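Visitor: just the structure for this:
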Amino acid sequence: MGKNLTALLLLPLLAYGQWEMDFDEDWQLATTQRWTPTNLSPVVWYKGENNANDAMGYADGTWGGVAAYGSGINGTAFSFSSANYVSIGNPAMLQTSNNVSLVAWVKPESFANYRAIWGGGYLGVSIGYGLFQSATETCGQYRYEGTTAIASIAHGSSTNWTHLAFTVNGDIKTLYVNAVPVSTVTQTIANVVASCPWGIGARNASGVWGYKYCGLIDDVMFFRKALTPDEITQLYQWRQ
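Guide: Purely as a prediction, here's the structure:
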């Protein structure tokens, strides 16, 4: 009787111990398998964590003007004052545009003129693609020899953090704002091959940096594929 009673009393403790072991194993597995943007294989990823390095280790950036950082969507972000920018150069893995995605978080200080967020490929003003903001619109632009596809939306006056993604899936160009597809343009344009340095916070046209941004830019990425809506949602929710 005494042994049976002891066994019965020990059962809850044994069960708790097994539950605790299972919980620890599940937690370790969840931590190990935690989702990050690397799951989507970006070619480059600029976090702006007090440096212009590429987190993927492929193409580090170089500041033009004074290097500056501010409070980001997570950690720190690139801070632009219409007088500085980050040059990426023209690495081979970025010299394609038929199926690509450009992604960034932005927090403009103000809206005025035509300002570049992230893009490349500019030879004069005739060839190139990227993310931009004007006084009235946020847009993804794809341009070749005078033929331009622009997916855009009026941005209002909000200067809050906003997640932007511009996907090129062959003839289909789509702009996403906070993971919502807000504008799609279907237009056949020749494949743009980057010929000038890529830039964050400015656009390079035949060696001259212009259209400089004013505000914060964070988590800048380039993908050699058109991200799906679900993948863009994952990127957006990851920082929420």
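Visitor: buried residues in stretch 210-222?
Guide: For stretch 210-222, the neighbour count (16 or more other CB atoms under 10 Å) marks Tyr211, Lys212, Tyr213, Cys214, Gly215, Leu216, Ile217, Asp218, Asp219, Val220, Met221, Phe222 as buried. To be clear about C-beta, it is placed using only N, CA and C from the backbone, and glycine gets the same treatment.
Visitor: give me phi/psi at Tyr236?
Guide: With angles defined as degrees, to the nearest 10, Tyr236 sits at phi -70, psi -50.
Visitor: which residues touch it?
Guide: Residues near Tyr236 by CB atoms under 8 Å, 6 or more residues apart in numbering: His163, Asn178, Ala179.
Visitor: which of these count as buried?
Guide: By 16+ other CB under 10 Å, the contacts of Tyr236 give His163, Asn178, Ala179 as buried.
Visitor: those in helices, which ones?
Guide: Among the buried ones among the contacts of Tyr236, DSSP state H puts none in helices.
Visitor: need those in a markdown table (columns: distance to Ala116 and pLDDT).
Guide: What follows is those, written out as a markdown table (distance: CB to CB, whole Å; pLDDT from 0 to 100):
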| residue | distance to Ala116 | pLDDT |
| --- | --- | --- |
| His163 | 17 | 96 |
| Asn178 | 20 | 96 |
| Ala179 | 22 | 96 |
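Visitor: including distance to Gln237, could those go into TSV?
Guide: Formatted as TSV, those follow (distance: CB to CB, whole Å):
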residue	distance to Gln237
His163	9
Asn178	10
Ala179	7
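Visitor: what is the nearest of these to Thr96?
Guide: His163 (23.4 Å; CB to CB).
Visitor: show me what contacts the closest one?
Guide: So His163 contacts Val103, Ala104, Trp105, Tyr176, Val177, Asn178, Ala179, Leu235, Tyr236, Arg239 (CB under 8 Å, 6+ apart).
Visitor: out of the buried residues of stretch 210-222, which one has the lowest pLDDT?
Guide: Within the set of the buried residues of stretch 210-222, pLDDT is lowest for Tyr211 (90).
Visitor: double-check that residue against Ile117; I have them as touching.
Guide: No. Shown here, Tyr211 and Ile117 do not form a contact pair, counting by CB atoms under 8 Å, at 9.6 Å.
Visitor: domain map for the chain?
Guide: 1-33, 41-238 (automatic domain parsing).
Visitor: weakest of the ones you listed in terms of mean pLDDT?
Guide: domain 1-33 (a mean of 49).
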